[in-house]
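Novice: have a look at this prediction, sequence included:
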Amino acid sequence: MRKLALYPLSLLYGLAIWVRNLFFDLGILQTQHISGLSICVGNLNVGGTGKSPHVGYLIGLLSPLVQVQVLSRGYGRKTKGFIALSTNSTAAHVGDEPQMLFNQYQDKAQFAVCEKRSIGIDRLRKEQPASLILLDDAFQHRYVKAGLNIVLSVYDQPVHEDYLIPAGRLREPISGLKRADAIVITKCPKFETFDLNELKKQYQKWQIPVFFSRYTYHALQSKGRILEQINEVFIVSGVALPKQLNEAFPPSTNIRHRTFRDHHTYTPMDMEEIHHFFDTFATTNSAIVTTAKDWVKIQPLLSAEDLQKYPWYLLTFELEWSDQNAFNQFISTYVVSN
């Protein structure tokens, strides 16, 4: 019923997006084609498709072949302009996802944020003319065009069944896929539980490759300790699709979840609330669990005493592909041929 009430607003939004895209297609609004190697990882949705983990995967894949530079908008940061990430950067300074990627891959790539992508690209090109620039979430930023555009779509929230915002989660109509070079269906269940070829047929009109990925979660770790037995977890997260985090745990696990808005900026009061609530039910086999994206904002708020008293654990995972060789070859072919 709520979607129906919001549908007229979605029509107006869709009209505005259609006009904007038409202006770009006609050349009234100008697009900068990025010189040299560049890959954009984006989506048609407002968030939660797994862009940052896929950017991380590409960093690991490409860094042995070419110098990699990653450019993000830096959503949620308290600064503006171009900033190159360093060991002195913080999530407040550059945004949570760029900081998370920097912490994980600083030895494999250079990282920068800039809300005006064209300015950021020019700065990076001057520093490393022969690098490959990875754009984290710039598919709708049509003032720049990457050499290779990869669009992500969540398995259980397919773009062809969604609506434009505010009735749904689409930033633009599915026709935007005509600008994509590949689609990755993300956050899939186990690949043997569904028909991959049947799902590919739903995207065949776009005549581009379709790949499938899923998360394989690791054992919970904290300060070098691995939590072997889990009876109860208290998940703390500020991500776009928090319910999907429950899939990391066995069905028998008692799960409590404190959710915040995506990209939430945590405060000392939040930490007090979290710890107080945890104290009301905790046992020796209970754990407070959060994501790497949240941890870059939570960790600075925790004292040594907090870390000693409360069992904070980080939820980590790696990407699994239905056909990893095919995806790797697709990316490598672009790099080698350009």
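Specialist: Yep, that arrived.
Novice: and the helix or strand Q69 falls within, C-alpha only, in CSV?
Specialist: When secondary structure is defined by DSSP states H and E, Q69 falls within strand 68-72. Coordinates of each C-alpha in strand 68-72 appear next as CSV, following Å, rounded to 0.1, in the frame of the first residue of the first chain:
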residue,chain,number,x,y,z
VAL,A,68,45.8,0.6,-9.0
GLN,A,69,44.3,3.8,-7.8
VAL,A,70,40.8,3.8,-6.1
LEU,A,71,38.6,6.9,-6.2
SER,A,72,35.5,7.2,-4.1
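Novice: what's that strand in contact with?
Specialist: Residues outside strand 68-72 that contact it (C-beta atoms under 8 Å, 6 or more residues apart in numbering): 55, 58-59, 62, 95, 97-98, 101, 105, 108-114, 117, 120-121, 124, 127-128, 131-138. The way it works is simple: take the backbone N, C-alpha and C, and place the C-beta from them, glycine included.
Novice: just the buried residues from the residues you listed, in ChimeraX please.
Specialist: In ChimeraX, this line selects whichever of the contacts of strand 68-72 come out buried by 16 or more other C-beta atoms under 10 Å:
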select :55,58,59,62,95,97,98,101,105,109,110,111,112,113,114,117,120,121,124,131,132,133,134,135,136,137,138
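Novice: need the contact list for V184.
Specialist: Going by C-beta under 8 Å, 6+ apart, V184 touches 54, 150-153, 210-213, 327.
Novice: quick one: least confident helix or strand in this protein?
Specialist: Sorting the helices and strands of the chain by mean pLDDT, DSSP states H and E puts strand 225-226 at the bottom, at a mean of 61.
Novice: quick one: low-confidence parts of the stretch 151-300 of the chain?
Specialist: When residues are selected by pLDDT under 70, those of the stretch 151-300 of the chain lie in 221-229.
Novice: in its sheet, what does the helix or strand just after the least confident helix or strand of the chain sit against?
Specialist: Downstream of strand 225-226, the first helix or strand assigned by DSSP H and E is strand 232-237. Strand 232-237 has the following sheet partners, assigned by DSSP bridges: strand 254-259 (parallel), strand 286-291 (parallel).
Novice: now do the helices in this structure.
Specialist: 2-26, 51-62, 91-94, 96-105, 117-127, 196-201, 268-279, 292-298, 304-309, 324-337 (DSSP state H).
Novice: would CSV of those helices with distance to L37 be doable?
Specialist: What follows is the helices of the chain, written out as CSV (distance: least, C-beta to C-beta, whole Å):
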stretch, distance to L37
helix 2-26, 23
helix 51-62, 9
helix 91-94, 23
helix 96-105, 18
helix 117-127, 11
helix 196-201, 27
helix 268-279, 41
helix 292-298, 27
helix 304-309, 42
helix 324-337, 6
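Novice: worst average pLDDT in the ones you listed?
Specialist: When the helices of the chain are compared on average pLDDT, helix 2-26 comes out lowest at a mean of 90.
Novice: gap between that one and the chain center?
Specialist: Taking C-alpha atoms, centre = their mean, to the nearest Å, the mean C-alpha location of helix 2-26 is offset from the chain mean by 24 Å.
Novice: and what of stretch 110-118?
Specialist: Offset of stretch 110-118 from its chain centre (C-alpha atoms, centre = their mean): 16 Å.
Novice: just stretch 178-191 next, same as before
Specialist: Distance of stretch 178-191 from its chain centroid, counting by C-alpha atoms, centre = their mean, is 13 Å.
Novice: next one: stretch 172-188
Specialist: From the chain centre to the centre of stretch 172-188 is a distance of 15 Å (C-alpha atoms, centre = their mean).
Novice: and for stretch 165-185?
Specialist: Distance of stretch 165-185 from the chain centroid (C-alpha atoms, centre = their mean) equals 15 Å.
Novice: list the buried ones in it?
Specialist: Neighbour-count burial for stretch 165-185, counted by 16+ other C-beta under 10 Å, picks out 165, 167-174, 176-177, 179-185.
Novice: so which of the residues you listed are in strands?
Specialist: Members of these lying in strands (criterion: DSSP state E): 182-185.
Novice: and which of those is nearest to K205?
Specialist: Closest approach to K205 among those (C-beta to C-beta): I183, at 11.6 Å.
Novice: what's the closest non-adjacent residue to that closest one?
Specialist: Computed as C-beta to C-beta, 6 or more residues apart in numbering, the closest residue to I183 that is not its neighbour in sequence is V210, at 4.9 Å.
Novice: verify the contact between the one you found and E198 for me.
Specialist: No. Using C-beta atoms under 8 Å, V210 is not in contact with E198; the gap is 11.3 Å.
Novice: between those two, who's got more neighbours?
Specialist: Shown here are V210 and E198; by other C-beta atoms under 10 Å, V210 has more neighbours (19 against 8).
Novice: which residues are in contact with that one?
Specialist: V210 sits in contact with 182-185, 199-200, 203, where contact means C-beta under 8 Å, 6+ apart.
Novice: repeat that with 6 Å
Specialist: Contact analysis of V210 by C-beta atoms under 6 Å, 6 or more residues apart in numbering lists 183, 200, 203.
Novice: now V154
Specialist: For V154, the contacting residues are 49, 186-187, by C-beta under 6 Å, 6+ apart.
Novice: just send those residues back as TSV, with neighbour count and distance to E273 too.
Specialist: Putting those into TSV (neighbours: other C-beta atoms under 10 Å; distance: C-beta to C-beta, whole Å) gives the following:
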residue	neighbour count	distance to E273
T49	27	29
T186	23	32
K187	21	29
